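Novice: just need the structure, nothing else, for what follows:
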Amino acid sequence: MNFIFLVIGLALLVFGANWLVDSASALARKVGLSEFFIGLVIVGFGTSFPELVVSLTGAVQENADVAVGNVLGSNIFNVFLILGATALIRPLKMSRENLRRDIPVLLGATILVLFFGLGGRISGTSGGILTSVEGAVLLSVFAIYILYCLSCGDSREAPDEKPEISTVFAVVMIIPGLVALIGGGELFVDSAINIARSAGISDKFISVTILAAGTSLPELVTNIAAAVKGRGEMALGNIIGSNVFNLLLILGCSSLITPLSFANVSAVDAIALAASALLIFVMRGRRAQGVLLLTCYIIYSVFLIIEL
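Specialist: Below you'll find the predicted structure:
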């Protein structure tokens, strides 16, 4: 039965991704914003919703491994595997505004989370805990970034052609895609976890691989759909937005519920997370860079298996 639910979940993911990309593209044309901006704010937040639900649930249950492992694993998966696969389909190139505003925010958020979570372990002053105060700092940075994005808008290649639909209708049309993505992702993840547990795979390995990859399925199928449809900017915005939301919003909210321990975050995890933020800078419109990112994910996966 789990395999049937797995297939149904995958079908919902594919349907939701195509619907979401088309609807978000129509909204971008209608309001005169670039597809990158729509991908960053609307699609990025929407596809991060599964991570939000899983991490908050883990925090409520005082299971820090789930809350932290899900976010860190998802961010690594998003860049290495999803951006890597997307770049193979349609090479992605960073704009000047990406390099000046969005990527530095992602890199800064990554450094801030690693400093808060691992700083105490490195200095020997604590066991590596993300406290509620530090979570409030993450949420403050997130609020400032979003307000800045909304206040300055986005001037990059705003499309001239506008569809003959109202803005409200364009926004409403996004909802079915998000619902299908979230529902399909949850169904897929639950089925995959049940199958993995029946095969005797440990919860820790599930949380940083299957669960992290599963909650990133909306980003994966959305990005592939966007790349196939020639919406490269939306694909890039989706990953950057999703990763920023994961680090600042999700970990920030989760740490307000319960302090999050980074005790089980290994040096390999930390290096992979930092590398995932740094390597986005290499996106210069070549498929070889997609191969590089995919190779990094394979290497990281091998280390995870060795650590079992």
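Novice: how much space separates Glu51 from Tyr300?
Specialist: 18 Å (CB to CB, to the nearest Å). Backbone N, C-alpha and C define where each C-beta goes, glycine included.
Novice: looking at the two, which one has more neighbours?
Specialist: Each of Glu51 and Tyr300 has its neighbours counted (other CB atoms under 10 Å); Glu51 has more, 31 against 24.
Novice: just give the nearest non-adjacent residue to the more buried one, would you?
Specialist: Thr215 (4.7 Å; CB to CB, 6 or more residues apart in numbering).
Novice: neighbours of that neighbour, just the number please.
Specialist: 29.
Novice: distance of it from Val54?
Specialist: 5 Å.
Novice: cool, Ile195 as well?
Specialist: 18 Å.
Novice: neighbour count: those two, which is higher?
Specialist: Val54 (26 against 15).
Novice: where does the stretch 151-300 of the chain dip in pLDDT?
Specialist: Applying pLDDT under 70 to the stretch 151-300 of the chain picks out residues 152-167, 170, 185, 189, 202-204, 206-208, 211, 282-285.
Novice: ok, which stretches of it are helices?
Specialist: 167-172, 174-198, 203-205, 211-215, 217-228, 232-244, 251-257, 267-278, 287-307 (DSSP state H, counting those that start in this stretch).
Novice: list the helices and strands the last one packs on?
Specialist: Taking 3 or more CB pairs under 8 Å, 6 or more residues apart in numbering; DSSP states H and E as the contact definition, the neighbouring helices and strands of helix 287-307 are helix 64-77, helix 84-89, helix 267-278.
Novice: buried sites along the last one?
Specialist: This means helix 267-278. Neighbour counts using 16 or more other CB atoms under 10 Å place 269-270, 272-273, 275-277 of helix 267-278 among the buried residues.
Novice: thinking again about what came up before, make JSON lines from the helices and strands packed on helix 287-307 and add distance to Ile305 to it.
Specialist: Below are these laid out as JSON lines (distance: least, CB to CB, whole Å):
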{"stretch": "helix 64-77", "distance to Ile305": "14"}
{"stretch": "helix 84-89", "distance to Ile305": "19"}
{"stretch": "helix 267-278", "distance to Ile305": "11"}
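Novice: out of those, the one nearest Gly44 is which?
Specialist: helix 64-77 (12.3 Å; CB to CB).
Novice: that closest one packs against which elements?
Specialist: Against helix 64-77 (3+ CB pairs under 8 Å, 6+ apart) you get helix 49-60, helix 203-205, helix 211-215, helix 251-257, strand 260-261, helix 267-278, helix 287-307.
Novice: adding distance to Gly119, write these out as TSV.
Specialist: Output for those, formatted as TSV (distance: least, CB to CB, whole Å):
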stretch	distance to Gly119
helix 49-60	20
helix 203-205	23
helix 211-215	23
helix 251-257	14
strand 260-261	13
helix 267-278	11
helix 287-307	22
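Novice: those: which one's closest to Gly135?
Specialist: helix 251-257 (3.1 Å).
Novice: which other helices and strands does the closest one contact?
Specialist: Packed next to helix 251-257, using 3+ CB pairs under 8 Å, 6+ apart, are helix 49-60, helix 64-77, helix 132-152.
Novice: identify the residues contacting it?
Specialist: 52, 55-56, 58-60, 67-68, 71, 113, 130-132, 134-139, 142, 260 (CB atoms under 8 Å, 6 or more residues apart in numbering).
Novice: rerun that using 7 Å as the cut-off
Specialist: 55-56, 59-60, 67, 71, 113, 130-132, 134-135, 138-139, 142, 260 (CB atoms under 7 Å, 6 or more residues apart in numbering).
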